[in-house]
Structures are given as structure tokens and as C-alpha cells.
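Undergrad: I would like the atomic coordinates for the input below:
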Amino acid sequence: ENDFNRIFENIMFSTRVIITEKEDFVDFLDNLIDHGYKEMALGYLESALGVYPNDKQLRNLLRRLAKGNSFES
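TA: Numbering: from 1, shown residues only. Model (predicted):
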């Protein structure tokens, strides 16, 4: 089993996650997308872009999601 998936599931279902550094947040979103958690990544991206609408890294991740165009159910 993939380490990211195992760690992510343990963290998300047992505690509240607080990410304080932008680069860590972008890396987290990138990993969500890479590991198939596209709908969750989209939710985080929509919230973040509501606060930082012109952020290039966030917009690039949104474009990447849009290209994939398939979200988990």
C-alpha cells in the first residue's frame, strides 16, 4: 500500500490537520491529486482561491485538476 495513502487516511480520520506553510499546503494538494483524492483537493483549492484568488501555484493546481476532469464520487 502507498505510504501517502496510509498516512493520509490515519491523519484525516483521527485528528484535525493544520498546515501553516504555503509550500506544505501546495505539496499536500499535489499529493491529494496524485493519489486520486481529486474531489477533496478541489474543495481545499476552492476555499484557498476564495482567499487568494490570484495565487499562481493554486491556479496551476486547479488547471491540473481541470485537465484530469474526473473526480472521485
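
Undergrad: Chain neighbours aside, what residue packs nearest to Leu42?
TA: Of all residues not flanking Leu42 in the chain, Leu65 sits nearest, at 5.8 Å (CB to CB, 6 or more residues apart in numbering). Using the backbone N, CA and C atoms, a C-beta is placed for each residue, glycine as well.

Undergrad: Please identify the helix or strand for that neighbour.
TA: Here Leu65, judged by DSSP states H and E, is contained in helix 56-68.

Undergrad: residues of that helix that come out buried?
TA: Across helix 56-68, burial judged by 16 or more other CB atoms under 10 Å covers 58, 61-62, 64-65.

Undergrad: so the residue nearest to Leu42 makes contact with Met40?
TA: No: with contact defined as CB atoms under 8 Å, Leu65 does not count as touching Met40 (10.8 Å).

Undergrad: how much space between the residue nearest to Leu42 and Val51?
TA: Leu65 sits 18 Å away from Val51, taking CB to CB, to the nearest Å as the criterion.

Undergrad: Just give me the residue closest to the centre of this structure.
TA: For the chain, the residue nearest the mean C-alpha position is Leu29 (2.5 Å; CA atoms, centre = their mean).

Undergrad: separation between that one and Phe4?
TA: Distance of Leu29 to Phe4, computed by CB to CB: 12 Å.

Undergrad: Now do the helices in the chain.
TA: Using DSSP state H, the helices of the chain run over 3-12, 22-34, 38-51, 56-68.

Undergrad: Much appreciated, bye for now.
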